[in-house]
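Student: Quick one, structure for this:
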Amino acid sequence: MSQALNPYKLVKTYRFNFGKVDFYENFLVTEISEGFCFDIEEALKISELVTLHFRDKPFAYISNRVNSYSLIPMNYLKIKEVFPTIAVFAAVTYTVIQENMIEVENNFLNGFLKNFNSMEEAVAWCQSKL
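Tutor: Next up, the predicted model:
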């Protein structure tokens, strides 16, 4: 667990073939497995857990991109369908290539995805928005 997350109570961790999802009181953190192609089916699995944990409360989604994986940016057009109560969406990137991918992804999200270089910054920003 990142030091940035120490002050926050981890509610539950779920492990899937596509990676893991950690749920906290009002945000979640995903870490997708190396080389995986993350698609709408995986997002729907996370969405079911969001309903279970957050019910109809607004929440923050943090994508901790510690691994290299692929996704289909067009799927972002469905983000509000899949996650109707998402309030903020953050990514933590570790390479210039990942930062550049955020720019591409944001073309489909109208700037909704905010990029950070550390988990501390991402969590603090998410908490300030919730």
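Student: Let me see the ranges of the helices in the chain.
Tutor: 40-54, 79-82, 96-109, 119-129 (DSSP state H).
Student: buried stuff in the longest one?
Tutor: With burial defined by 16 or more other CB atoms under 10 Å, the residues of helix 40-54 counted as buried are 42-43, 46-47, 50, 53-54. The C-beta positions use only the backbone N, C-alpha and C, and glycine is treated the same way.
Student: out of those residues, who's nearest E34?
Tutor: E42 (14.6 Å; CB to CB).
Student: So the closest one versus K129, what's the distance?
Tutor: 25 Å (CB to CB, to the nearest Å).
Student: rewinding a little: can you redo the helices of the chain as a markdown table with mean pLDDT?
Tutor: Formatted as a markdown table, the helices of the chain follow (pLDDT from 0 to 100):
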| stretch | mean pLDDT |
| --- | --- |
| helix 40-54 | 96 |
| helix 79-82 | 90 |
| helix 96-109 | 92 |
| helix 119-129 | 96 |
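Student: Y8: neighbour count?
Tutor: Residues near Y8, counting by other CB atoms under 10 Å, number 16.
Student: my bad, should have said M101
Tutor: For M101, the tally of surrounding residues (other CB under 10 Å) stands at 19.
Student: Likewise for K12?
Tutor: Neighbours of K12 under the rule other CB under 10 Å: 12.
Student: If we ignore the residues flanking it in sequence, what's nearest it?
Tutor: F23 (5.0 Å; CB to CB, 6 or more residues apart in numbering).
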